[in-house]
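Asker: next input, structure requested:
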Amino acid sequence: MLNTEELKRDIKEAFKAEQTEEEDYEASLDRISSKIAEAIVKQIKNVKITYTQGLASQSGGAVSGVFNYTIS
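Answerer: Predicted coordinates:
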């Protein structure tokens, strides 16, 4: 499940860590962007997709149909 509070906290930390940067604006932007991207990827990796129904195999091999699911 996506944790918005954790994501928000990670993004705030990315900005806080760069608040005192006064010399290299571009490097600071790169570090902030990287930390935000890492925080988003961390949340996406925590998503759970649960297959509910819809795929079938006629021969015991390849499946076809509509992949029905829930995301949490």
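Asker: and for the protein, the residue most distant from the center?
Answerer: In the chain, counting by C-alpha atoms, centre = their mean, Ser59 sits farthest out from the average C-alpha position, at 36.3 Å.
Asker: what are the phi and psi values for it?
Answerer: phi -120, psi 0 (degrees, to the nearest 10).
Asker: cool, and Ser64?
Answerer: phi -150, psi 160.
Asker: for it, name its beta-bridge partners.
Answerer: Residues in a beta bridge with Ser64, per DSSP bridges, are Ala56.
Asker: count the residues that sit near it.
Answerer: 9 (other C-beta atoms under 10 Å). Any C-beta I mention is one placed from the backbone N, CA and C, and that applies to glycine too.
Asker: mind listing the residues bridging to Thr50?
Answerer: Beta-bridge partners, per DSSP bridges, of Thr50: Thr70.
Asker: quick one: contacts for it?
Answerer: 69-72 (C-beta atoms under 8 Å, 6 or more residues apart in numbering).
Asker: just the pLDDT for the residue farthest from the centre of the chain.
Answerer: Ser59 carries a pLDDT score of 86 in this model.
Asker: tell me which residue is most central in this structure.
Answerer: Geometric middle of the chain (C-alpha atoms, centre = their mean) lands on Ile44, at 2.5 Å.
Asker: mean confidence for the longest helix seen in the chain?
Answerer: The longest helix of the chain (DSSP state H) is helix 25-45. Helix 25-45 carries an average pLDDT of 96.
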